[in-house]
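>>> just to be clear, the model below is a prediction. Sequence and coordinates:
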Amino acid sequence: MKIGILQTGPVPADLVSEFGEYPGFFVRMLKPYGFDFESWSVVDGVFPESVEDADGWLITGSRHGVYEDHPWMEPLMQFIRDAIAADKPMVGVCFGHQAIAQALGGHVEKFKGGWSIGPVTYRFPSGDKVIHAYHQDQVITPPAGAETIASSDFCTHAALLYPGKALSVQPHPEFGDAYTRALIEKRGPGVVPDDTLAAAAAKLGTPLDSGEIAEMFARFFRERTIS
């Protein structure tokens, strides 16, 4: 099964040499499940020719907001709608989570409660799972037909299931401690409040359940279900 990865934002330039670009994060996470991959940098205006270019689609995170006016934003929204209409399973992470919701009629905004960063406990139907977060924007109103399947104390709609069609999560199961630490130390200062960064850094090292989310993604791509 071929998974097409739509890259919606770059890794900060000073971190690329150590960590690579975002499609590689997901390839490493999902490669054990036997998928093939191809990626397109939609943030640079590079789109697949057709939703048929892959068997399923994954949308990455981004520093951009889905409400921002960029030349690639509306084509991405249309691609999401077209892929869903063509019955291609879709997974979204962080920005991808928000983009699917926005494209299908939900509402996303910059959360007035601030930032969520570092290991966070999310309540899933199968139990609590700790996953890295790095966001301020949130899905405030999910689209019609979407089911909220995870939440945290900070984020009400932290994962959405569009039965048989799409699965999306607000946190970053593709992030490990090293990359989150790099973001905290090199990208956070001056953008995120110092106390939020310090609290996030103090939680690094907390055991993560990212592998369970990777398994959930793989199951959804293959079976259109999460359990």
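Now that the structure is in, tell me what you want to look at. Numbers count the residues shown, from 1 in each chain.
>>> show me the residue at the heart of the chain, geometrically.
Centroid-nearest residue in the chain, with Cα atoms, centre = their mean: V93, separated by 1.1 Å.
>>> for that one, which residues are in contact?
Applying Cβ atoms under 8 Å, 6 or more residues apart in numbering to V93 gives the contacts F26, L58, I59, T60, G61, S168, V169, P171, H172, P173, E174. C-beta coordinates here come from the backbone N, C-alpha and C atoms, glycine included.
>>> just the helices from this structure, written as ranges.
16-19, 22-30, 73-85, 95-103, 177-182, 194-203, 210-223 (DSSP state H).
>>> kindly reformat those helices as TSV containing distance to A158, mean neighbour count and mean pLDDT.
Listed next are the helices of the chain as TSV, based on distance: least, Cβ to Cβ, whole Å; neighbours: other Cβ atoms under 10 Å; pLDDT from 0 to 100:
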stretch	distance to A158	mean neighbour count	mean pLDDT
helix 16-19	24	12	97
helix 22-30	18	20	98
helix 73-85	19	17	98
helix 95-103	8	28	98
helix 177-182	17	17	98
helix 194-203	17	14	96
helix 210-223	11	18	98
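>>> figure out which of the ones you listed is closest to G113.
Ranking the helices of the chain by proximity to G113 (Cβ to Cβ) places helix 194-203 first, at 10.9 Å.
>>> how many neighbours does C155 have?
A total of 21 residues lie near C155 under the criterion other Cβ atoms under 10 Å.
>>> these two touch, right, it and G114?
No - if you go by Cβ atoms under 8 Å, C155 and G114 don't touch, sitting 11.4 Å apart.
>>> ok, back up a step: how about TSV for the helices of the chain, with distance to A146 added?
Formatted as TSV, those follow (distance: least, Cβ to Cβ, whole Å):
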stretch	distance to A146
helix 16-19	31
helix 22-30	22
helix 73-85	12
helix 95-103	7
helix 177-182	27
helix 194-203	28
helix 210-223	14
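>>> which of these sits closest to E109?
Nearest of the helices of the chain to E109, taken as Cβ to Cβ: helix 95-103 at 9.5 Å.
>>> please identify which of the helices of the chain is closest to P125.
Of all the helices of the chain, helix 210-223 sits nearest to P125, with 10.7 Å by Cβ to Cβ.
>>> helices or strands up against the closest one?
Packing partners of helix 210-223 (3 or more Cβ pairs under 8 Å, 6 or more residues apart in numbering; DSSP states H and E): helix 22-30, strand 90-93, strand 127-135, strand 166-169.
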